[in-house]
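**Q** any chance you can model this:
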Amino acid sequence: MRLQSKLILLAALPLVLSLVLIAVAVRHQERSLAAREHELVEQAYMAAREAELRHYVDLARGALAPLYDKFDGEPDPATRAEALRLLASLEFGADGYFFVYDLDGRSLMHPRQPELVGTDLWNLRDDQGVPTIQHLIAKARAGGGFIRYQWRKPSTDQRAAKLGYVIALPKWGWMIGTGLYLDDIEGTLQALDRQVVSHIEATMWWIAGIAALGIGLISASGLWLNLSEHRVADAKLRLLARQVVRSQEDERAHLARELHDGTSQTLVSAKLLIESAVDGLERRQEPVPAGLQTALLRLNDSLTEVRRISHRLRPAMLDTLGLPAALEQLGREFGEAGGTRVVVAVDDGAEQLPDDVKTVLFRVAQEALTNIGKHSAAREVRLSLHADAEGLRLAIADDGRGFDLDAVQLDPKRGIGLRNMRERVEAIGGGLVVVSTPGEGTLVEARLGAPVAAG
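**A** Take a look at the predicted model:
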C-alpha cells in the first residue's frame, strides 16, 4: 500500500470510528430519553385522568348524598329508582358514564349497555381471562380506588383499555363507578414514539452525512496530495530524463571528439607515412608491394568510417551552424546513401533554440530517417521544421509501405525507436504524434509549445 493511501486510511479510520461511537452513544441516549419522556407523559396523562375520575365520582356521591343519608338500610323502590335515574343522567362526553352493580356482581344500571341490566356478571372475564367484575367489586370493598381493565367502548363498539374508579355504598350494597378509555392516550404516546424515532433517524442521517462529508474531504485531500506528488514526481522524471539525454549527448560529443582528435589523427598519420613510402618507391622506380597498396586502401576506408561514426555521434554542424543546417545535411546524406529523394523545408525562425531542444529534434529526425531506411522502402521523404507563435513542429513524412501502429505499440519487441523518440520529446515538455496506414506511408511529428530562444 502506498504511503498516501496509508495516511488517508489512518485519517479516515479514527474519524469513522469516532462518528460510529458518537452515533451509538446518541442513539442510546435518545432512546433512554424517549423512554423517560414516554413514561413522564404517560404518568402526567394518568394523573390528570385519575384526578378527573375522582372529581366525577365525588360529584356523583354528592348528588346521591340526600337520598343515601335518608336511610340506614336499603332504600325503598322509589328512592332506589330515583338514585339510579340520577346516576344514569350523569354523563360526560360520548363515552363517559356511570355504572352500578350490587356487591354480588349483578348489573343494576348501565346507560350504554341496557341489555346488561339485571344480569349476573360475577364470572365475566376479559380476553386474558381476568374476572373484571370481581376485581371492580373487590376494589370497591377495599375502600375504593382505581383499576385498569378491558371494556367495550360505546363510540367504536371495540374493546379498549379503560381506567375505572369505583366506590362502595355499603348500606345499599352497591358499587358505583365510572371510567375513562385509554386508547386516546395510547394513540398520543404512539405518535410521540414515532416522532422520537423520526428524530433519532434524522440524527443518524446527520451523523452519516457528516461522516460522508469528512471521508469525502479526506479523500479529496488525499487525491490532491496524490496529484501534487504525481506532478512533483513527473517534474522530477522530466528533469531526470533531460539530464540523462544531456549526459548521453555529452558522452556522444566526447566520443566524437576522441574519434576525431585521437583515432582519426592517428589514422591520418599512418596514411601519410604509407603514402610517403609509396611515393619513395615510385621515385626510385621500385615496385610497390601489393600489400602496401591494400593497407593504404584499408586506411582510407577506416578513416572514412571513423569520420562517419564521429559525425553521427555528434554532428559538428549542429553546434556551429544550428538545427536547420544540421537537418539539411542529415537529409542530404540520407538521400545520397539510400537513393531516396529527400525534401527539406526549414523556417528561418527555428535557428535560435536551446541546446536540448536542438538535440532532441535532431535525434528524432535521425531516428525517423533510420526507420524509413530500414522498413519503409519509400521513394520520397519530406522533412520540415516550422516555427510560429503556437510553437514548433518537426514533421517527417514518407510515401512508403506504412505499418499497423496499434500492433507495433502492443508488441514489446517492436517500436523501440518510436518509444525512444516519444520519451525524448516528452522530456522537454512536448509530444509526439505518429500516423501510419499500411500502404499509405507514415507521418512522425514532434510538437513543442512556444519555442524558447537560446540566450
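**Q** going forward, measure contacts and count neighbours with C-alpha atoms only.
**A** Fine.
**Q** export stretch 389-405 as PDB, just CAs?
**A** Taking C-alpha atoms only, stretch 389-405 is exported to PDB below (Å, rounded to 0.1, in the frame of the first residue of the first chain):
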ATOM      1  CA  ALA A 389       3.600  31.800 -32.300                       C
ATOM      2  CA  GLU A 390       1.800  28.500 -31.500                       C
ATOM      3  CA  GLY A 391       5.100  26.500 -31.100                       C
ATOM      4  CA  LEU A 392       7.500  24.400 -33.000                       C
ATOM      5  CA  ARG A 393       6.700  21.400 -35.300                       C
ATOM      6  CA  LEU A 394       9.100  18.900 -36.800                       C
ATOM      7  CA  ALA A 395       7.500  16.600 -39.300                       C
ATOM      8  CA  ILE A 396       9.000  13.600 -41.200                       C
ATOM      9  CA  ALA A 397       6.600  12.100 -43.800                       C
ATOM     10  CA  ASP A 398       7.200   9.300 -46.300                       C
ATOM     11  CA  ASP A 399       5.300   7.600 -49.000                       C
ATOM     12  CA  GLY A 400       6.500   4.100 -48.100                       C
ATOM     13  CA  ARG A 401       4.600   1.000 -47.100                       C
ATOM     14  CA  GLY A 402       3.500   2.200 -43.700                       C
ATOM     15  CA  PHE A 403       2.700  -0.200 -40.800                       C
ATOM     16  CA  ASP A 404       0.000  -1.200 -38.200                       C
ATOM     17  CA  LEU A 405       0.600   1.300 -35.400                       C
END
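**Q** so what secondary structure elements neighbour the helix or strand where Q265 lies?
**A** Q265 belongs to helix 264-283 when assigned by DSSP states H and E. Helix 264-283 sits against helix 290-313, with contacts defined as 3 or more Cα pairs under 8 Å, 6 or more residues apart in numbering; DSSP states H and E.
**Q** so how far is the helix it packs on from its chain's centroid?
**A** 68 Å (Cα atoms, centre = their mean, to the nearest Å).
**Q** same question, stretch 429-437
**A** Distance of stretch 429-437 from its chain centroid, counting by Cα atoms, centre = their mean, is 34 Å.
**Q** which parts of it are buried?
**A** Across stretch 429-437, burial judged by 16 or more other Cα atoms under 10 Å covers 430-432, 436.
**Q** show me those residues that map onto strands.
**A** Under the assignment DSSP state E, the buried residues of stretch 429-437 contribute 431-432, 436 to strands.
**Q** name the SS class of V288, please.
**A** Put simply, V288 is coil when judged by DSSP: H, G, I helix; E, B strand; the rest coil.
**Q** quick check: it vs S276, distance?
**A** 12 Å (Cα to Cα, to the nearest Å).
**Q** repeat that for G143.
**A** Going from G143 to S276 by Cα to Cα gives 154 Å.
**Q** now V166
**A** For V166, the distance to S276 - Cα to Cα - is 151 Å.
**Q** could you find the closest non-adjacent residue to L318?
**A** A326 (5.1 Å; Cα to Cα, 6 or more residues apart in numbering).
**Q** and the one you found, how many residues sit next to it?
**A** Using other Cα atoms under 10 Å, A326 has 19 other residues around it.
**Q** for R341, same thing?
**A** Residues near R341, counting by other Cα under 10 Å, number 17.
**Q** how close does it get to R424?
**A** Distance, R341 to R424, by Cα to Cα: 27 Å.
**Q** do the same with L169
**A** Separation of L169 from R424 (Cα to Cα) stands at 114 Å.
**Q** repeat for T304
**A** Distance of T304 to R424, given as Cα to Cα: 30 Å.
**Q** again, but for G173
**A** The gap separating G173 from R424 is 116 Å, by Cα to Cα.
**Q** of these two, give the one with the bigger neighbour count.
**A** Between G173 and R424, counting by other Cα under 10 Å, R424 is the more crowded of the two (27 against 14).
**Q** quick one: pLDDT of the more buried one?
**A** Listed pLDDT for R424 reads 82.
**Q** not counting its neighbours along the chain, what's nearest it?
**A** V360 (6.2 Å).
**Q** just give the number of residues close to the one you found.
**A** Neighbours of V360 (other Cα under 10 Å): 23.
**Q** tell me the SS of it?
**A** Here V360 is recorded as helix under three-state DSSP.
**Q** ok, it touching E423?
**A** No: contact status for V360 versus E423: not in contact, 9.9 Å apart, counting by Cα atoms under 8 Å.
**Q** and A387, how far is that from L124?
**A** Using Cα to Cα, A387 is found at 110 Å from L124.
**Q** pull out the buried positions in the strand of greatest length in the chain.
**A** Identified as the longest strand of the chain according to DSSP E is strand 158-169. The neighbour-count check on strand 158-169 (16+ other Cα under 10 Å) flags 161-169 as buried.
**Q** over to stretch 281-299?
**A** 296, 299.
**Q** then it to CSV, C-alphas only?
**A** Backbone C-alpha positions of stretch 281-299 (Å, rounded to 0.1, in the frame of the first residue of the first chain) are rendered in CSV as follows:
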residue,chain,number,x,y,z
LEU,A,281,59.4,3.6,-54.0
GLU,A,282,57.8,5.1,-57.1
ARG,A,283,60.6,7.8,-57.4
ARG,A,284,63.2,5.1,-57.2
GLN,A,285,61.2,3.1,-59.8
GLU,A,286,61.0,0.2,-57.5
PRO,A,287,57.9,-2.0,-57.4
VAL,A,288,55.3,-1.1,-54.8
PRO,A,289,54.2,-4.2,-52.8
ALA,A,290,50.5,-5.1,-53.3
GLY,A,291,50.1,-5.4,-49.5
LEU,A,292,51.1,-1.8,-49.1
GLN,A,293,48.5,-0.6,-51.6
THR,A,294,45.9,-2.7,-49.9
ALA,A,295,46.9,-1.3,-46.5
LEU,A,296,46.5,2.3,-47.9
LEU,A,297,43.0,1.5,-49.2
ARG,A,298,42.0,-0.1,-45.8
LEU,A,299,43.3,3.0,-44.0
